[in-house]
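Participant: Sequence plus the predicted model coming up.
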Amino acid sequence: MNRAMMMSAAKNLLTRYGSTKNNIYRCMSTGKLTTVDVNEKSGVAVLTMNRLPVNGLNLELLRDIRNDIDEIEGNKCRGLILTSASSSVFSAGLDIMEMYKPNQDRLKEFWTTLQDTWLALYGSSVPTAAAINGHSPAGGCLLATSCEYRVMLPKFTIGLNETKLGIVAPKWFMATFCNVLPRRVAEMALTQGKMFSSEEALKVGLVDELAQSKEEAIEKCQQFFATFAKTNPFARAMTKQQFRSKDLQQLEDEKAQDLEAFLFFVNQPSVQKGLGIYLDSLKAKTK
Ligand SMILES: CCCCC/C=C\C/C=C\C=C\CC(=O)SCCNC(=O)CCNC(=O)[C@H](O)C(C)(C)COP(=O)(O)OP(=O)(O)OC[C@H]1O[C@@H](n2cnc3c(N)ncnc32)[C@H](O)[C@@H]1OP(=O)(O)O
């Protein structure tokens, strides 16, 4: 983060927290594929992804999540908990249909919106947590690891499985993973495309706690936010943003090249073939 960005972030934060210490605001849901519910007492917003069956991250869902994050920030919420309306899938990651035989204009818009959603979530000044109430591969894992804290239900899986799909996870996916896991564990898992069970994820630190139900997971996320009760919100947010600034700045600086690399990669005939085979294998499962 350069000096100008830092000053602007500081100004926003001062405006937000300066005069509103004791007020609680109600956030409104902005999207059709998400809902946002705010606990009026705690001021914590629960952002629920609701694109069933698997919360595949298509352009519209990403836009809704992005707009919700902006609204939650703007409405001075005290925390953001990301979760899913499904009882078995947090998010299946990027909707492969967006990348398979794509319309090129939409493909550009899709990737740019993913970049912006990550910048907003990873760099959010509001405390963030994920209540991971289902499987969370690839892009689903990216969203969860972009948050500051993770509580997961047992017997699901989470990880960046891109290499198993013949895809290279972009640098910022890897940076997000490395912000949570020891570097050695992250490198092994990334190269193997490893999906961790909930129990394994807890052991390596990919998630912070397990919970037996979604309600318990949300409660534990709220308890995490309560650990900031005696901290100054401005200092807290600036510390988080400075801690993450290298990763954020890198994508800000390389956004155009990252988009170009994605478009080039996805449009390779061998990648298209691989995506087609993978989609068929997913569909064959349900027959
Ligand atoms: C060096 C330069 C590099 C530049 C960068 C280049 C490239 C980076 C590009 C891409 C990065 C991508 C990251 C991703 O996120 S890719 C997506 C990876 N996701 C997965 O592999 C998950 C696949 N899904 C599953 O494993 C299961 O669905 C899941 C465990 C999540 C749930 O299982 P369940 O049994 O409940 O449900 P299913 O019956 O499998 O699925 C129902 C339905 O949904 C369809 N579907 C599932 N996942 C996806 C998906 N990700 N995209 C699109 N569609 C999906 C599935 O096919 C079923 O459809 P239908 O049969 O009902 O029609």
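Facilitator: All right, it came through fine. Just so you know, these numbers come straight off a predicted model, no measurement behind them.
Participant: Make sure I have this right: Leu279 is in a helix.
Facilitator: Yes - with DSSP: H, G, I helix; E, B strand; the rest coil as the criterion, Leu279 is part of a helix.
Participant: who's in contact with it?
Facilitator: Contacts for Leu279 (CB atoms under 8 Å, 6 or more residues apart in numbering) come out as 96-97, 100. Quick note: C-beta positions are derived from backbone N, CA and C, even for glycine.
Participant: Surely Val36 is within a helix?
Facilitator: No - with three-state DSSP as the criterion, Val36 is strand rather than part of a helix.
Participant: beta partners for it?
Facilitator: In this entry, Val36 is beta-bridged to Leu47, by DSSP bridges.
Participant: Please tell me how far it sits from the ligand.
Facilitator: Counting by CB to the nearest ligand atom, to the nearest Å, the separation of Val36 from the ligand is 23 Å.
Participant: got it, and Ser87?
Facilitator: Look at Ser87 and the ligand: by CB to the nearest ligand atom, they are 10 Å apart.
Participant: now Gly134
Facilitator: On the measure of CB to the nearest ligand atom, Gly134 and the ligand end up 8 Å apart.
Participant: What's the local residue count around the closest residue to Val185 other than its chain neighbours?
Facilitator: Excluding its sequence neighbours, the residue lying closest to Val185 (CB to CB, 6 or more residues apart in numbering) is Val204, at 5.3 Å. The tally of other residues near Val204 (other CB atoms under 10 Å) stands at 16.
Participant: quick revisit: most surrounded residue in the contacts of Leu279?
Facilitator: Ranked by neighbour count (other CB under 10 Å), those have Ile96 at the top, with 18 neighbours.
Participant: from memory that residue sits against Asn58, does it?
Facilitator: No - applying CB atoms under 8 Å, one finds Ile96 not in contact with Asn58, separated by 9.8 Å.
Participant: Just the helices from this protein, written as ranges.
Facilitator: Under the criterion DSSP state H, the chain contains helices at 3-18, 59-74, 104-122, 139-146, 171-178, 183-192, 198-204, 214-226, 233-243, 245-266, 269-285.
Participant: Would you mind pulling the contact partners of the second one?
Facilitator: Translated: helix 59-74. Helix 59-74 is contacted by residues 16, 27-34, 36, 45, 47, 49, 51, 55, 80, 95, 98, 106, 109-110, 113-114, 116-117, 120-121, 124-126, 143 when judged by CB under 8 Å, 6+ apart.
Participant: Flag every residue of the stretch 151-287 of the chain that's near the ligand.
Facilitator: Residues of the stretch 151-287 of the chain lying close to the ligand (CB under 6 Å from any ligand atom) are 161-162, 165, 167-168, 170, 261-262, 265, 282-283, 285-286.
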